[in-house]
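[1] sequence first, predicted coordinates after that:
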Amino acid sequence: MKGQGMEIIAGGLTVLFMVGFLFFLLFIGPILGFVGGWWNSLWQHASPAHVLKTYEWFKEQHTAMGQLRADIEMADIQIQSFEESAGARSQWDWHDKEEHSRLVTVRMGYIQRYNQLAAQYNAEASKITTKWFEGGIPQEIAKYEEGT
């Protein structure tokens, strides 16, 4: 019975110490400047304005990537339409080859931009400060590959 009393006192002192330490960190520390930088950084990333700005950035990136996917699909249609209307490749003149090359280059530019945005999106999504949105945004977007 005497041992249980000591355990209760020791547990109470531990809790009291932890509460005091948290009080110091949250209230006294910022005043004294010990954890002011950490506190300001935490508040800056948790502020409603920052959360809204980050959410809007992800939505804008996602929309831009959707538009680029549509542009890639349209470029595929244009290339296919050109190839069907121009006839056999062996019959293409210099202008036909140049136009086909231009269409393919435009498509490659769309794919390159899409992959750049996907890499940037994934880098931002992997940051600890964007974990607030887990479940609200896709965590990773795959690079564009043929047939996807």
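    Yep, it's here. Numbers count the residues shown, from 1 in each chain.

[2] which parts of the helix or strand where Asn122 lies are buried?
    Element membership of Asn122, judged by DSSP states H and E, is helix 94-126. Across helix 94-126, burial judged by 16 or more other C-beta atoms under 10 Å covers 96, 100, 103, 106-107, 110-111, 113-115, 117-118, 121, 125. (Each C-beta comes from the backbone N, C-alpha and C, glycine too.)

[3] for it, what does the pLDDT average out to?
    Helix 94-126 shows an average pLDDT of 94 in the prediction.

[4] which strands or helices does it pack on?
    helix 48-86 (3 or more C-beta pairs under 8 Å, 6 or more residues apart in numbering; DSSP states H and E).

[5] by contact count, what packs against the helix it packs on?
    Under the contact definition 3+ C-beta pairs under 8 Å, 6+ apart, helix 48-86 sits against helix 94-126.

[6] which segments of this protein make up each domain?
    Using automatic domain parsing, the domain parsing of the chain gives 1-46, 48-148.

[7] any idea which of these scores lowest on pLDDT?
    domain 1-46 (a mean of 61).

[8] ok, back up a step: what angle sits between the helix holding Asn122 and helix 48-86?
    Helix 94-126 and helix 48-86 meet at an angle of 160 degrees, taking axes from the mean of the first three to the mean of the last three C-alpha atoms, to 10 degrees as the criterion.

[9] offset the numbering so it begins at 97, please.
    New numbering, starting at 97: the last item is helix 190-222.

[10] which one of the buried residues of helix 190-222 sits closest to Glu242?
    Within the buried residues of helix 190-222, proximity to Glu242 (C-beta to C-beta) peaks at Ile207, which comes in at 9.2 Å.
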